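J.: Requesting a structural model of the entry that follows:
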Amino acid sequence: TNALASPVAGLNNAFAPSSQLIPLQQTALYVANGLGGQSVLTLAKYMYTGGTWAWQFFPLVPGVDNLQILYGIGTPGTGAAAQYVPASGVTAGSSIYSVRLGFLLEGQSASANTPNATQFLVLGTTVTVPSDSRQRRVYEMTINLRNAS
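T.: Residues are numbered from 1 along each chain as shown. Prediction:
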């Protein structure tokens with residue numbers, strides 16, 4: 001049998017009566033086109049449901065034009081972030097003390113009186129958007145991770 005055909009394929013049944021099987025799932029966040037051409041922050045999950053593996057999509061927040069994430073890393077034991085890096089710059093999860101989130105949010109069509117700027121700086125990344133009538137604003141926040149120190 002194909003091991004991916006079922007989350008229990010290939011497993012023996014020698015588990016204790018109180019054991020639990022938790023199916024593997026993959027999750028991703030991304031910005032997609034939503035209704036009326038407005039962007040939307042979307043959650044995608046690859047999971048086993050109804051006898052098959054499939055992606056399921058869940059629109060979360062309309063109007064998120066861009067999302068940037070930086071991880072605050074430092075020396076373990078210090079409890080403080082020394083620098084903020086993208087995911088590719090994280091070498092050990094135990095060295096993450098905080099997370100910075102940057103959002104470029106957009107309003108609905110015709111929410112701005114005049115075409116606004118076409119470039120915005122979101123956590124150090126330049127984001128270029130079309131010249132249109134959507135009002136846009138940048139919001140950034142830093143979240144300290146609990147029990148990271």
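J.: and Gly87, how far is that from Leu70?
T.: Careful, residue 87 is Ala and not Gly. 9 Å (C-beta to C-beta, to the nearest Å). In short, each C-beta sits where N, CA and C put it, glycine included.
J.: Neighbour count: these two, which is higher?
T.: Using other C-beta atoms under 10 Å as the criterion, Ala87 and Leu70 rank with Leu70 on top: 23 against 8.
J.: contacting residues around the host helix or strand of the more buried one?
T.: Assigned by DSSP states H and E, Leu70 belongs to strand 64-73. By C-beta atoms under 8 Å, 6 or more residues apart in numbering, the list of residues contacting strand 64-73 from outside reads 29, 31, 39-41, 81-87, 89-90, 95-106, 120, 122-125, 127, 129, 136, 142.
J.: mean confidence for stretch 69-85?
T.: On average, the pLDDT along stretch 69-85 is 88.
J.: ok, now stretch 111-124?
T.: For stretch 111-124, mean pLDDT is 88.
J.: Now do that stretch: everything it contacts.
T.: Contacts of stretch 111-124 (C-beta under 8 Å, 6+ apart): 66, 68-70, 84, 100, 102-104, 126-136, 138, 140.
J.: Equivalent analysis for stretch 130-146, please.
T.: 38, 65, 72, 96-112, 114-118, 120-123, 129.
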